[in-house]
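1. Here is my input, please return the structure:
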Amino acid sequence: MANEGHAEHWNGEEAGHWVTHRLRYDTMLAPFGDRLLAAAQVTGSDRVLDVGCGCGAATLEAGRRAAAGTATGLDISTAMLQIARLRAAEERLANVSFVAGDAQTFPFPARGYDVAISRFGVMFFDDPEAAFLNVACALAPGGRLAFVCWQDLLANPFMTVPGLALAEHVALPDLGPPGSPGMFALADPARIRSLLAAAGLAEVVIKPLADEILLGGGGTLDDAVEFLRQGGMGRAVLAGSREAARDRAVAAVREALAPYVTAEGVLIGAAAWLVTARRQ
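-> From the prediction side, this is the model:
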């Protein structure tokens, strides 16, 4: 694994949170996942690669759409892959499979896929140049790439609203310089274009997507707050704080999110890039 730090992260507590709350994550990210699959234009006989597939939601949907083809999910999290395989078995999707590996170094079959997709799985590479080149080489001539990645932190109220509330009481973690591996590594469209051009991909189109998501997949305000508290950001921020400060921080998050409560749950803004490209 080239991404040793991220491999450890996605095989630890963070993976456990995604596994436990996989349906909540799927519901929360559905507005972007649906548009991703539409942009990828998966058809009946396509061979689809899903990079950073997690618990397999996008891979499974690709397999349903490519009923005469195949869908392969790749991820570095063995715990999440185990769940993804169980989901495929439950649906009897024999054309869907999952593989443990790192997209930077995995020995993909040359020209082995017609489409490569990713739902928020391409922002964590230590070497994004190598990763995108490797994925591009796995595409057949004319093959399509489609992925969604987060826009800048400040464009995402689902992160900034609770984040600013937390910052009044506890110290926030350093996200590193722009472009560092993590949620916002591909926030700059110019960097995306540069990476894809270096990988030999053409016809690059980057579209902004702005939508409202159900934070934590719906439920009550307390459900949303608990979802955040147990998630990666919540654990990282609260871990080193005193109990009183933690209690004040959690209460502040609850207060900050209260204006976004609807009958469905906490509905709050999120912004991503929808990126498509083609191998020449």
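2. Next one, pLDDT for the closest residue to residue 110 other than its chain neighbours please.
-> Leaving aside its sequence neighbours, residue 110 sits nearest to residue 137 (CB to CB, 6 or more residues apart in numbering; 6.2 Å). (Glycine included, C-beta is placed from N, CA and C.) pLDDT, residue 137: 98.
3. what's the spacing between residue 137 and residue 49?
-> 11 Å (CB to CB, to the nearest Å).
4. what number of residues lie near the residue nearest to residue 110?
-> Counted with other CB atoms under 10 Å, the neighbours of residue 137 add up to 15.
5. Going by secondary structure, it is in what exactly?
-> According to DSSP states H and E, residue 137 maps onto helix 128-138.
6. Average pLDDT for whichever strand or helix holds residue 276, rounded please.
-> Using DSSP H and E, residue 276 falls within strand 267-279. Taken as a whole, strand 267-279 has a mean pLDDT of 98.
7. about what we covered before: wait, isn't the residue nearest to residue 110 in contact with residue 113?
-> No. Look at residue 137 against residue 113 with CB atoms under 8 Å: they stay out of range, at 10.2 Å.
8. Buried residues in stretch 82-91, which are they?
-> By neighbour count on 16 or more other CB atoms under 10 Å, the buried set for stretch 82-91 is 83-85, 87-88.
9. Residue 217 - nearest residue in space that isn't next to it in sequence?
-> Closest residue to residue 217 apart from its sequence neighbours, by CB to CB, 6+ apart: residue 24 at 3.0 Å.
10. Excluding chain neighbours, what is closest to residue 13?
-> Excluding the flanking residues, the one nearest residue 13 by CB to CB, 6+ apart is residue 235, at 6.6 Å.
11. roughly how far apart are the one you found and residue 12?
-> The gap separating residue 235 from residue 12 is 10 Å, by CB to CB.
12. beta partners of residue 202?
-> Beta-bridge partners for residue 202, by DSSP bridges, are residue 278.
13. sorry, back to before: in strands, which of the buried residues of stretch 82-91 fall?
-> Using DSSP state E, no member of the buried residues of stretch 82-91 falls in strands.
14. Can you tell me which of the residues you listed lies closest to residue 122?
-> Nearest to residue 122, judged by CB to CB, of the buried residues of stretch 82-91 is residue 84 at 17.4 Å.
15. neighbours around the closest residue to the closest one other than its chain neighbours, how many?
-> In this structure, residue 84 finds its nearest non-sequential neighbour in residue 56, 3.0 Å apart by CB to CB, 6+ apart. For residue 56, the neighbour count with other CB under 10 Å is 27.
16. do residue 214 as well
-> 22.
17. Next up, the contacts around it.
-> Counting by CB atoms under 8 Å, 6 or more residues apart in numbering, residue 214 touches 27-28, 264-267.
18. Would you show me how to pick out the buried ones of those residues in ChimeraX?
-> Remark: buried members of the contacts of residue 214, expressed as a ChimeraX selection using 16+ other CB under 10 Å:
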select :27,28,265,266,267
